[in-house]
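1. Following is a predicted model, sequence given first.
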Protein chains: 4
Amino acid sequence: MGNTFGQLFRVTTFGESHGGGIGVVIDGCPPKIDISDVDIQRELDRRRPGQSNITTQRKEEDRCEILSGVFDGRTLGTPIAILVRNKDARAEDYAEIATKFRPSHADFTYEAKYGIRNWQGGGRASARETIGRVTAGVVAKKTLSILYPKFEIVAYVAQIHEIVAKINRSRITMKEVEKNAVRCPDAAAAKKMVALIEQIRDEGDSVGGVIECVVRSLPAGLGEPVFDKLEADLAKAMMSLPATKGFEIGSGFAATRMRGSEHNDPFEMRCGKIRTTTNNSGGVQGGISNGEEIYFRVAFKPTATIAREQKTVSASRKQTKLAARGRHDPCVLPRAVPIVEAMASLVLCDHALRQQAISLPSSSK
Amino acid sequence: MGNTFGQLFRVTTFGESHGGGIGVVIDGCPPKIDISDVDIQRELDRRRPGQSNITTQRKEEDRCEILSGVFDGRTLGTPIAILVRNKDARAEDYAEIATKFRPSHADFTYEAKYGIRNWQGGGRASARETIGRVTAGVVAKKTLSILYPKFEIVAYVAQIHEIVAKINRSRITMKEVEKNAVRCPDAAAAKKMVALIEQIRDEGDSVGGVIECVVRSLPAGLGEPVFDKLEADLAKAMMSLPATKGFEIGSGFAATRMRGSEHNDPFEMRCGKIRTTTNNSGGVQGGISNGEEIYFRVAFKPTATIAREQKTVSASRKQTKLAARGRHDPCVLPRAVPIVEAMASLVLCDHALRQQAISLPSSSK
Amino acid sequence: MGNTFGQLFRVTTFGESHGGGIGVVIDGCPPKIDISDVDIQRELDRRRPGQSNITTQRKEEDRCEILSGVFDGRTLGTPIAILVRNKDARAEDYAEIATKFRPSHADFTYEAKYGIRNWQGGGRASARETIGRVTAGVVAKKTLSILYPKFEIVAYVAQIHEIVAKINRSRITMKEVEKNAVRCPDAAAAKKMVALIEQIRDEGDSVGGVIECVVRSLPAGLGEPVFDKLEADLAKAMMSLPATKGFEIGSGFAATRMRGSEHNDPFEMRCGKIRTTTNNSGGVQGGISNGEEIYFRVAFKPTATIAREQKTVSASRKQTKLAARGRHDPCVLPRAVPIVEAMASLVLCDHALRQQAISLPSSSK
Amino acid sequence: MGNTFGQLFRVTTFGESHGGGIGVVIDGCPPKIDISDVDIQRELDRRRPGQSNITTQRKEEDRCEILSGVFDGRTLGTPIAILVRNKDARAEDYAEIATKFRPSHADFTYEAKYGIRNWQGGGRASARETIGRVTAGVVAKKTLSILYPKFEIVAYVAQIHEIVAKINRSRITMKEVEKNAVRCPDAAAAKKMVALIEQIRDEGDSVGGVIECVVRSLPAGLGEPVFDKLEADLAKAMMSLPATKGFEIGSGFAATRMRGSEHNDPFEMRCGKIRTTTNNSGGVQGGISNGEEIYFRVAFKPTATIAREQKTVSASRKQTKLAARGRHDPCVLPRAVPIVEAMASLVLCDHALRQQAISLPSSSK
């Protein structure tokens, strides 16, 4: 259980980091949406290891194969299954972690939960699992673009360790984000971030940071009271990603230090529409979108896998030490940007379809 | 849709702030658990308006009636339905908000979503809805206590506006939390918080803050990869509460400024068990509990309803002004403490039953 | 678990035959649908005991109260909760069945499952639970009528014991069905059925039979492959009713004795539309409606509660005897007719909303 | 939507008859269950075309590949994904059905629902989809055998057209069923059935029949009131199979001609256990198993695809004719036997896990 996300646009992922492959089944996608493996591959390449010198240098090609649900380049309305094969890995590379629990990894908790685990790589807890999410996100974005032709979603790195970018949230485009390896649209900050990540990597350590995401041109009315509020489902989506420790929407934790008279977003008429003057709400009020920009921030911890030697215990319950081998990301954020966009798109597409379901023909009332 | 929470311990709430009443149906509760309306009433009284001079002075008795699912003081395994009647309210009190959208409330978004709304009070978006959650939380806590006899959950106010409490998280008991009206176990800070809330109230304004919650004595192994991670479900639960803007678990946003070598929680053997030396993970690794304390923090914005006059627009799309009438909470946090505990208990109870479902008899393997 | 039905139009029932009452929560109903307690009461009266001299003579008024989700006579889009109070019953009436398992009732299986049961009346297994279903069915029918203005659903008694009615399925109206106490639109057969039921009742025994249901003027395209086929969900709906033992759609079991060349429904053009010449499919092909009449049949066993003395065992596992006291239906079918219609409407309404969800604006493609 | 089955033991199938392949994802399977592709292949071979001269002579090897969720021959608790590749097919074989709707097939209804269809073979409506169900059924059976070591399930052909087998339901073993090509354990009837199917095939026609299934050694207590009754979920499972038109449990439609005094199953003490003297209930009372044999019957229509020429219409809405090419099953029942077993096992395994979830440690009460 727990491997399916969404009520109507339902995404089920499967696969361990080693074994046959990683995949996804998307059930509930509307028919006749153009989709091709080129569309999917483009996003997978944004997530791929080895894309720049500040990400892990592992070689993973991550070629996707559409197994079902698409015919002559269009969705059929039936489940869309997509598979990305794992590369053959040598089991002996994992001999050490087969018997030692990596600190702040899921090795110990999987063992505690299931009494068994695939110790080759991260198994199911590997970030490779997010391949399925990114893949489904492509289909979700396409669907949203058909429903709302001006729909836009852009995520970017807003902070790495102590380096905070200066960003005009409402102006950012994906093109600007993709201009540098760290995916931070503040060029000056980006340069410092890259330097910091390289330094940290050379020290055998890792850093975290904040990704911000902004969504534009969605209508008012998406989100379901009372449990499936838009911000609740976004929070769940983000906190289900590996390495996330926090989520905030709109004013977020800063709201705790404001007064109501400062924080409230007054309504005003603008270009004939009801709009808010400020947007501390982050585009959501009472769990439902109000037509303003939706924006939120996600906190990522520093990568757990580091080259430095750490204290841990073995499966046989002896105190021991462990230093990671192989090539790991010193900072997950650059590669997490497309994943954040994908998960947000899954949430928004699901709520868009839910809203369609209850919208009776206006002529009928 | 969206009014049901949980996979196995499934809670459905219903009701508007005005009309027949507010209620909850709990489906999936195990049989033979002792439950009485006294147990439920005790928690409802912690949530009730008018309980102290820093909460709203509205009089709402909130008496609960168990309609089904309990027989001779024990659960039957069938749906437990519980109803709290609304008091008769005078519709004329709401004449103004019938035609004006309150800033940072759900009036406008409900109208946008449904094309209709119950403008008497907050309707479905009223915080009265949380009565159902608190009620279900009582049953969840009882169930957890049967499964894990040492199970404890304690929430408390950790911050109001700029006032931050000093708290030894691992030592706090509910008794200490209940010692003052603001539910902050740091007596000195609590005193300042009460003074601030009274001052803010007198100024016709409002403030927000942070509630922290700690859970003790749960086993390792609760939580489901990959979407239904324990922290993901906790985040959703908290972000589905009125007035919340942020969630963080363990190190939270502070993790973004740490290095991996500082942040990782080394494993060690302690009293014959695998434990972590530090607990930046907040008791959860890879979405699954590791047996350490689970702790998380929730950001609440300042109450949207304030006595000061604010700019807004009317349903007929004219610019206008609005000042709240009646008696409102200048700060929701003291009353939100039992609600945070309730929602966390729902998540944990659901995951406890999910873990039971896949635990085959050990003799069978 | 198990007390919720439907994916989008979600119905949760609660309540035992004794205790606070029986009720239902409907989540996912579209907004702005006219609904009143008069509409609901009309259908509850068709289900009510004591409505004729061939039903049980118990007096149950079954007055409904709408608790939430309706405002000024229209649905709000929020959960619609409806409660029907139980009448006070004297527990001593149930002293005997508190300790003896009634044959072919759920007393023993509830005890086996939960280790506890409400032995006052049938508890949760009582047919009183269907009050919630009938209530929700009224809202479903209204919703379907808005989506498909010509939508019609009619159920009727087609067989009681050996008496089989002759019925022109495509012509039957509810008015004809309601003409006699047994709800069989073949007047001659109905007369014999009434006489048989009276005779059987006087002998302290019971009989079963078949209810047929026909649905007209639904569009082609409702139903979801592959598990949630329209006939699969109708089958589940009917087999979840008390006392049902079988379900068949279209040609049903008779299909097993036909050849493909006889059974297949050829397509033809009729009035400019693609129609089938025959309708052995029962309006559904591959799980999806084809625009023809949907019709199906449900087998009901004879009522388990009979006045005659029967062999059974006691809770203390002693062989004993039991004869039902009180007034029971000698035949459940007349009162089950509105329940069959209600459950079918729930299935169809749910699938109608599911189809709406994936129907993108045609302009968008 | 609609491609997932089960609440806790959740099975999602994907794939069209043409394209990348057919597959299944099983989420919620307990960990540490032995499973191998040999186990799965054995059941797939029972379903496979070309296994005898009364099934279609198409050559489909149907080799399964376990993609995830199994490690060193044991389940991990993570999603089990299994893929069976489609063989390359020549699209030109399907030129005719690309433009003509096959009578009593899903061609027209898919077109009506989605506005697009994969006209190569049956697409998603193809019986190839049941490969995923059979595969998941193997895992379900294994899980049930661990929970209930004496668990047995046997399905068999009970009737083909007018030929009805004489069968001692309680004695049948799978070995006897597998003795002949038609999977009917009455040897004399089986011989006649084979002869009839061969004759019908030579006439370019098809026949249907009845499959009966019996389940032994399940405990009392499985099944959930009120919607997810065991018979309701079994009915849904069976009516979701291609070509099914009816379902009955225990006495079934025959119950409609019995009196209560005949039909009720008296309780008695037998070998120290509460048992029923007769079993008209079919092992289920009030939706919950009572520990007796569960048995039910499923009606299959004659195969829709026949060699004889039939009337139909074209996609361009012209009257036309169609005769099936290629090799099709003149009778689906022999190959449907393992599919019925698989679907029943999915239902039972799901309910077994649901019952585990609410069974608190007895020491705790």
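-> Arrived safely. These numbers were taken from a predicted model, which means no experiment stands behind them.
2. switch to C-alpha atoms for all contacts and neighbour counts from now on
-> Will do.
3. CA-only coordinates of the least confident helix or strand in chain A by mean pLDDT in PDB, if you can.
-> Among the helical and strand segments of chain A, the one scoring lowest on mean pLDDT, DSSP states H and E is helix A:95-99, with a mean of 85. Listed next in PDB are the C-alpha coordinates belonging to helix A:95-99 (Å, rounded to 0.1, in the frame of the first residue of the first chain):
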ATOM      1  CA  ALA A  95      28.300  -5.900   0.100                       C
ATOM      2  CA  GLU A  96      29.000  -3.400   2.900                       C
ATOM      3  CA  ILE A  97      25.500  -1.800   3.100                       C
ATOM      4  CA  ALA A  98      24.000  -5.300   3.000                       C
ATOM      5  CA  THR A  99      25.100  -5.600   6.600                       C
END
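4. Stretch A:127-136 close to chain D?
-> No. Applying CA under 8 Å from any CA of the partner chain, one finds stretch A:127-136 separated from chain D by no less than 11.5 Å.
5. Now do the SS call for A:Ala304.
-> coil (DSSP: H, G, I helix; E, B strand; the rest coil).
6. Can you give me the buried ones in stretch A:267-276?
-> Buried residues in stretch A:267-276, defined by neighbour count with 16 or more other CA atoms under 10 Å in any protein chain shown: A:Phe267, A:Glu268, A:Met269, A:Ile274, A:Arg275, A:Thr276.
7. In three-state terms, label the fifth one for me.
-> Read it as A:Arg275. strand.
8. Bridged to it, which residues?
-> A:Glu268 (DSSP bridges).
9. does it really touch A:Glu292, like I thought?
-> Yes. Using CA atoms under 8 Å, A:Arg275 is in contact with A:Glu292, at 7.3 Å.
10. one step back: buried sites along the least confident helix or strand of chain A?
-> Across helix A:95-99, burial judged by 16+ other CA under 10 Å covers A:Glu96, A:Ile97, A:Ala98.
11. what's near enough to touch A:Ile54?
-> A:Ala181, A:Val182, A:Val194, A:Ile197, A:Glu198, A:Asp329, A:Pro330, A:Cys331 (CA atoms under 8 Å, 6 or more residues apart in numbering or on different chains).
12. quick one: which of the residues you listed is most hemmed in?
-> A:Cys331 (31 neighbours; other CA atoms under 10 Å in any protein chain shown).
13. roughly how far apart are it and A:Arg128?
-> 15 Å (CA to CA, to the nearest Å).
14. A:Met1 now?
-> 19 Å.
15. for the least confident helix or strand of chain A, the distance to its chain's centre please.
-> 29 Å (CA atoms, centre = their mean, to the nearest Å).
16. Helix or strand next in line after it, which one?
-> helix A:107-114 (DSSP states H and E).
17. next structured bit after that next one?
-> helix A:130-147.
18. Quickly check: that following helix near chain C or not.
-> Yes. Using CA under 8 Å from any CA, helix A:130-147 reaches chain C at A:Ile146, A:Leu147.
19. Over to stretch A:334-350?
-> No. Stretch A:334-350 does not reach chain C (CA under 8 Å from any CA); its nearest approach is 9.7 Å.
20. any residue of that stretch up close to chain B?
-> No. Against chain B, stretch A:334-350 shows no contacts by CA under 8 Å from any CA, the least distance being 10.5 Å.
21. Let me see the mean pLDDT of that stretch.
-> For stretch A:334-350, mean pLDDT rounds to 98.
22. distance of A:Cys331 from chain B?
-> According to CA to the nearest CA, to the nearest Å, A:Cys331 and chain B sit 9 Å apart.
23. and what of A:Pro219?
-> A:Pro219 sits 9 Å away from chain B, taking CA to the nearest CA as the criterion.
24. How about A:Gly23?
-> With CA to the nearest CA as the criterion, A:Gly23 and chain B are 13 Å apart.
25. Give me the below-cutoff pLDDT ranges for the stretch 1-150 of chain A.
-> A:88-92 (pLDDT under 70).
26. what's around the closest residue to chain B within it, how many residues?
-> Residue nearest to chain B within the stretch 1-150 of chain A (CA to the nearest CA): A:Lys113, separated by 3.9 Å. By other CA under 10 Å, 23 other residues sit near A:Lys113.
27. Does it touch B:Pro219 like I think?
-> No. Contact criterion CA under 8 Å: A:Lys113 and B:Pro219 do not qualify, at 9.5 Å.
28. List the contacts of the residue of the stretch 151-300 of chain A found nearest chain D.
-> Residue nearest to chain D within the stretch 151-300 of chain A: A:Ser240 (15.6 Å; CA to the nearest CA). Each residue near A:Ser240 by CA under 8 Å, 6+ apart is listed here: B:Val226, B:Phe227, B:Asp228, B:Lys229, B:Glu231, B:Ala232, B:Gly287.
29. Make JSON lines from the residues you listed and add neighbour count and distance to chain D to it.
-> Shown next, in JSON lines, are the contacts of A:Ser240 (neighbours: other CA atoms under 10 Å in any protein chain shown; distance: CA to the nearest CA, whole Å):
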{"residue": "B:Val226", "neighbour count": "27", "distance to chain D": "9"}
{"residue": "B:Phe227", "neighbour count": "26", "distance to chain D": "12"}
{"residue": "B:Asp228", "neighbour count": "23", "distance to chain D": "12"}
{"residue": "B:Lys229", "neighbour count": "28", "distance to chain D": "13"}
{"residue": "B:Glu231", "neighbour count": "36", "distance to chain D": "18"}
{"residue": "B:Ala232", "neighbour count": "31", "distance to chain D": "18"}
{"residue": "B:Gly287", "neighbour count": "29", "distance to chain D": "13"}
